[in-house]
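S.K.: give me the fold of what follows.
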Amino acid sequence: MSQKQILNTDQAPAAIGPYNQSVKAGNTLYVSGQIPLIPGSMELVTSGVADETHQVLKNVQAILNNADYTFEDVVKATIFISDMGDFATINEVYAQYFTANQPARECVAVKTLPKNVNVEISVIAWKA
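M.R.: As a prediction, this is how the structure comes out:
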């Protein structure tokens, strides 16, 4: 039996390319980058970077929950933003979800993100 499992949920946006929402390998869950798409309708949240970040983290949470993980199990987070001027707002929202045992993290400003969104977040989670 393979240690690699593909895990997807309809509680998060469907993949918009040749990838899966998450892959579990052993005790580690790798969650693909999430953008502010609303599950089901696949509409983008465009009402500001705070609202976008909330939607991104709700999507991440749905994927984690589907695999029986929580934000406390996240060991690494990567944040991509289109404007470093939005860092403080994104960080404020991020802190509402990662309230204990915060993971290692980096935040990188990039020229463009998929669908021209302002924020994308991917995580790696682990638990015994």
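S.K.: tell me what the longest helix along the chain is packed against?
M.R.: In the chain, with assignment by DSSP state H, the single longest helix is helix 49-66. The contact analysis (3 or more CB pairs under 8 Å, 6 or more residues apart in numbering; DSSP states H and E) places helix 49-66 against strand 28-34, helix 87-97, strand 119-126. Backbone N, C-alpha and C define where each C-beta goes, glycine included.
S.K.: dump the ones you listed into JSON lines; add mean neighbour count and distance to residue 109 as well.
M.R.: Shown next, in JSON lines, are the helices and strands packed on helix 49-66 (neighbours: other CB atoms under 10 Å; distance: least, CB to CB, whole Å):
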{"stretch": "strand 28-34", "mean neighbour count": "21", "distance to residue 109": "15"}
{"stretch": "helix 87-97", "mean neighbour count": "15", "distance to residue 109": "8"}
{"stretch": "strand 119-126", "mean neighbour count": "22", "distance to residue 109": "11"}
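S.K.: nearest to residue 75, out of those?
M.R.: strand 119-126 (5.0 Å; CB to CB).
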